[in-house]
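A.B. asks: Prediction below, plus the sequence it came from.
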Amino acid sequence: MSADRDPVTITPYPDGPLLVRGHVELRTADGEPIDPGRRTVALCRCGLSAVKPFCDGTHKASGFRTDD
């Protein structure tokens, strides 16, 4: 990590997405880069998002729950 980059943090939200802050490189399962479009992104954990790997809020309507 270079000195001019903020550290990356990943915060799991209860019953919701993973909030990723900082400079990260996202890739598809095939290794293709995914442009997050911003430095803070919410990644889907419920598997139901229409915009995977990003969260679209579907977890709320689906009743998705995480283990605490």
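C.D. replies: Now that the structure is in, tell me what you want to look at.
A.B. asks: Now the residue nearest to the spatial centre of the chain. Nearest residue, chain neighbours left out?
C.D. replies: The residue lying closest to the centre of the chain (Cα atoms, centre = their mean) is residue 43, at 1.9 Å. Once flanking residues are discounted, residue 43 sits nearest to residue 18: 4.5 Å by Cβ to Cβ, 6 or more residues apart in numbering. The C-beta positions use only the backbone N, C-alpha and C, and glycine is treated the same way.
A.B. asks: for that neighbour, phi and psi?
C.D. replies: Backbone torsions of residue 18, given as degrees, to the nearest 10, read phi -100, psi 120.
A.B. asks: any low-confidence regions in the chain?
C.D. replies: 1-5, 68 (pLDDT under 70).
A.B. asks: quick one, strands of it?
C.D. replies: Using DSSP state E, the strands found in the chain span residues 9-12, 18-21, 26-27, 33-34, 40-43.
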